[in-house]
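Enquirer: Let me see the structure of the following:
(one chain, ligands or ions: 2)
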Amino acid sequence: MKILVTGGAGFIGSNFVRYHLLACPNDEIVNLDALTYAGNIKNLDAVIGNSSHSFIKGDIRDVSLVDSVVEGVDSIVHFAAESHVDRSIDNASQFLETNMLGTGVLLEAAKKHRVKKFVHVSTDEVYGSIEDGSFTESSPIRPNSPYSASKAASDLLALSYYATYKLPVTVTRCSNNFGPYQFPEKLIPLFITNAKSDKPLPIYGDGLNVRDWIYVDDHCSAVGTVLKNGKSGEVYNIGGGSEKTNIEITDIILKKLGKPESLKTYIEDRQGHDRRYSINCEKIETELGWKPAYSFEQSIESTIDWYMENEEWWSDIKSGRYMEFYEKLYAGRIADASKRE
Ligand code: NAD
Ligand code: DAU
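Expert: Ligands and ions are numbered 1, 2, ... in the order given. Prediction:
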């Protein structure tokens, strides 16, 4: 089977490429990625030179490029997106462009070339926040950030291509991933790498927001399962069954690295900050027989170890231009928080 993976130089995409080439060595992967600030060719070191993998630097909004790349592929696994909530709050335009328009370009090409399977990688954030209980696949979509609204639009657009054209689309909605190669702007890699360098850990608001954490390999195996056996027109929630507050995550990282509590720095809250994400994953478990294989405790330990052993990977990134966005974000918010006291 020839599979087009979009966004395969990003965090989850690169883990998926590695995972899938091992799990299904007879498949061929074409990897299309624009190498934005979040894409990194070094994430693919382990598969560069593998004859079953080819990399194309290109944009999913490029209609003629996408048309030529999609011709002849059997399946598409669509990861490419702008993925960071804080950046979407700062400026939503790239999120609308990539997540909505880019997905539209891919769907059109998939329709034209009669692709046999289109897995659209969506997120649990499309459901919005929930105080008690958990969202099922039939819960209403109520996204709260420009990021999650753009993902909700692409998720619904993908499903509309099944309803309208019978394009064999399946949507996955996964919870918060962590693991190797995650861009150090997201909570877990940011806090691990800041703590290692004795820098403050910026906790938004009261730190009691809850996320359901899943190890990235479990997300990859779930996407692989959906690619093989997922039903067209269906949505599958994917979760790790491991809900934690941000303070719990912070404490685990500080303890493992032997760093002081004084690194915890409470700052102005994220605007529109969703309080709790929680999803019910019975559907993928009962219908497709998938379950997470890794425990949170085991995989957070190995993830922290990975960042300790791969400092060159993240220190290169953190010394680059991505820091301009963060210096602006945190400087303003720490100042605002101190004004309120
Ligand atoms: P990421 O930001 O690490 O990677 C995104 C990749 O997409 C990068 O390699 C980037 O270069 C590429 N890309 C961005 N715009 C592009 C464009 N216009 N054309 C081609 N390539 C482009 O993101 P991630 O965390 O790996 O997330 C991957 C997908 O999974 C996203 O769709 C995200 O919404 C979804 N998701 C993420 C999580 C999570 O916890 N990280 C959870 C659920 C779902
Ligand atoms: O739920 C799935 C989603 O998880 C994905 O769709 C997104 O692509 C992914 O980025 C992630 O979104 P979150 O906003 O939940 O992840 P983030 O790592 O940005 O934040 C996790 C929590 O930690 C959230 O409550 C905000 C908080 N936080 C985050 C950062 C970066 C902090 O307190 N301080 C920080 O510096």
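
Enquirer: give me the number of residues near the residue in the stretch 201-341 of the chain positioned nearest to ligand 1?
Expert: With distances taken as C-beta to the nearest ligand atom, the stretch 201-341 of the chain approaches ligand 1 most closely at His219, which sits 7.1 Å away. (Glycine included, C-beta is placed from N, CA and C.) When neighbours are defined as other C-beta atoms under 10 Å, His219 has 26 of them.

Enquirer: How confident is the prediction for it, by pLDDT?
Expert: Predicted confidence (pLDDT) at His219: the value is 98.

Enquirer: Surely Ile29 is in a strand?
Expert: Yes: the assignment for Ile29 by DSSP: H, G, I helix; E, B strand; the rest coil puts it in a strand.

Enquirer: Touching, the residue of the stretch 201-341 of the chain closest to ligand 1 and Ile238? I think so.
Expert: Yes: in terms of C-beta atoms under 8 Å, His219 counts as a neighbour of Ile238; the distance is 6.1 Å.

Enquirer: what's the overlap in contacts for those two?
Expert: Overlap of the contact sets of His219 and Ile238 (by C-beta atoms under 8 Å, 6 or more residues apart in numbering) consists of Cys174.

Enquirer: Close to ligand 1: what parts of this protein are there?
Expert: The chain has residues 6-7, 9-13, 33-36, 38-39, 59-61, 79-83, 98, 102, 121, 123, 151, 174, 176-177, 183 near ligand 1, with proximity defined as C-beta under 6 Å from any ligand atom.

Enquirer: Go again with 5 Å.
Expert: Taking C-beta under 5 Å from any ligand atom as the criterion, the chain approaches ligand 1 at residues 7, 9-12, 33-34, 36, 38-39, 59-60, 79-81, 83, 98, 102, 121, 123, 174, 176-177.

Enquirer: Among those, which are located in strands?
Expert: Judged by DSSP state E, the residues of the chain next to ligand 1 include Asp33, Val121, Thr123, Cys174, Asn176, Asn177 as members of strands.

Enquirer: I'd like the distance between the fourth one and Val85.
Expert: This means Cys174. Spatial separation of Cys174 from Val85 under the definition C-beta to C-beta, to the nearest Å is 15 Å.

Enquirer: Compare those two (neighbour count), which wins?
Expert: Neighbours of Cys174 and Val85, each counted by other C-beta under 10 Å, are more numerous for Cys174; the result is 25 against 22.

Enquirer: ok, and the closest non-adjacent residue to the more buried one?
Expert: In space, not counting the residues next to it along the chain, Cys174 is nearest to Ile238; the distance is 4.1 Å by C-beta to C-beta, 6 or more residues apart in numbering.

Enquirer: Asn176 is in contact with that neighbour, correct?
Expert: No: applying C-beta under 8 Å as the test, Ile238 and Asn176 come out as separate, 11.0 Å apart.

Enquirer: what do these two both touch?
Expert: In the contact map built from C-beta under 8 Å, 6+ apart, the residues linked to both Ile238 and Asn176 are Ile214.

Enquirer: Specify which residue of these two has the higher count of neighbours.
Expert: For Ile238 versus Asn176, the count of surrounding residues by other C-beta under 10 Å is larger for Ile238: 29 against 23.

Enquirer: gap between that one and ligand 2?
Expert: Ile238 sits 10 Å away from ligand 2, going by C-beta to the nearest ligand atom, to the nearest Å.

Enquirer: and that residue, what does it touch?
Expert: Neighbour list for Ile238: 172-175, 214, 218-219, 222-223, 279, 281, 284, 290 [criterion: C-beta under 8 Å, 6+ apart].

Enquirer: ok, so what distance separates it from Glu312?
Expert: When C-beta to C-beta is applied, the distance between Ile238 and Glu312 equals 31 Å.

Enquirer: what do you get for Val119?
Expert: Plainly put, Val119 is 33 Å away from Glu312 if you go by C-beta to C-beta.
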